[in-house]
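Asks: Requesting a structural model of the entry that follows:
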Amino acid sequence: MTRYGVDYLRRAVQERVQKEGLRPFSTRTGIPLGQLRSLLQGRAARSTTLELMSSVLGLEFYIGPARRRRLGRPSLPPEIAKALHLPREADVADAIEVIDKDVMASKLREGMGVVKGLVDRAASAAALLPDLVSGSDSSGGSAQPGDSVVVIPLVADAPRETPATGAAPERTPEVSIAVATQALPDWARPERLMCFRAVGDAMEPTIQSGDLVAVDTGQRTPEDDALFALQMDSGLAVRRLQRTGRHWFATSDNPAYLSQPLSDGERIVGRIAWCEPHGESG
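Replies: Predicted coordinates:
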């Protein structure tokens, strides 16, 4: 028997199976599917199986005379014992032990999530190192156009007055990002690229708020169903341009937003050449 009996163990296993699935739980714990099904269906199970399941679930495996409640321990109200999946004879100390274990498990899950995030970021950074090294000259300078990595200046916004032709928006090389050359389309020219962070949810799920977006400021001729950076009254924004007859419309990938005619006040800054991490070039 386990600390509170086979029925308690069965309920604990059922909860885990409902969360993880029967086969994933069997694979993770090494408990054969047949033995799990036997326990869940109320059939007899070997003591070794019960001991293994108890160990996996963090329960005490005990075989011996029935334990009597220690004197001085107040019993639990029936509704609390039921809510904690404890037997009727459980006391307050038993409830505290179950709650402590659950809190510790929650903290452990949160900690593992943070560690996994850090490991994923470290792996992504390590994957970029070969390209960054090959894209540097012997003096340690930044990668130049034509190398395996393109360095793109990051700007806060484009100028309010962007002429239809002529000079591109001012680039600020003090802050830049590196993008692999193979991630850019053939028509993109490194010397014309600038990068900014998208704001708002108008282009979700293609582009989310905070995503980095690279723009080729030399590509200002509208292309049907392609992504462009537009200078609107509210600032720099990404929209998909679509043509209906002789008219162009600025549309959002988020269906909550309506399409708007492309007005003279919304100047085309350039075509989107690259997005990360959720978007794709248009």
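Asks: all helices for the chain, in order.
Replies: For the chain, helices defined by DSSP state H occupy the ranges 6-20, 22-29, 33-40, 47-56, 78-83, 92-134.
Asks: any idea which of those helices scores lowest on pLDDT?
Replies: Across those, helix 92-134 has the smallest mean pLDDT, namely a mean of 63.
Asks: Tell me, how many residues neighbour residue 254?
Replies: Using other Cβ atoms under 10 Å, residue 254 has 14 neighbouring residues. For glycine as for every other residue, the C-beta is placed from the backbone atoms N, C-alpha and C.
Asks: For residue 33, which non-adjacent residue is closest in space?
Replies: The spatially closest residue to residue 33, leaving aside those adjacent along the chain, is residue 26, at 4.9 Å (Cβ to Cβ, 6 or more residues apart in numbering).
Asks: quick one: contacts for the one you found?
Replies: 32-33, 36 (Cβ atoms under 8 Å, 6 or more residues apart in numbering).
Asks: Check residue 25 too.
Replies: Applying Cβ under 8 Å, 6+ apart, the residues near residue 25 are 16-17, 31, 36.
Asks: in the stretch 151-282 of the chain, what spans have low per-residue confidence?
Replies: 156-174, 264-266, 277-282 (pLDDT under 70).
Asks: Strands along that one, start to end?
Replies: Secondary structure of the stretch 151-282 of the chain (DSSP state E, counting those that start in this stretch): strands located at 176-180, 193-197, 212-216, 226-232, 235-244, 247-251, 260-261, 267-276.
Asks: ok, residues contacting the shortest one?
Replies: Applying Cβ under 8 Å, 6+ apart, the contact partners of strand 260-261 are 247-251.
Asks: can you pick the most crowded of those?
Replies: Counting by other Cβ under 10 Å, top hit in these: residue 250 with 23 neighbours.
Asks: how close does that one get to residue 268?
Replies: Residue 250 is 10 Å from residue 268, where distance means Cβ to Cβ, to the nearest Å.
Asks: Quick check: neighbours shared by these two?
Replies: In contact with both residue 250 and residue 268: residue 230, using Cβ under 8 Å, 6+ apart.
Asks: and the residue nearest to residue 204 when sequence neighbours are not counted, backbone torsions?
Replies: Spatially, and ignoring its direct neighbours in sequence, residue 204 is nearest to residue 254 (4.9 Å; Cβ to Cβ, 6+ apart). The phi and psi torsions at residue 254 (degrees, to the nearest 10) take the values phi -80, psi 120.
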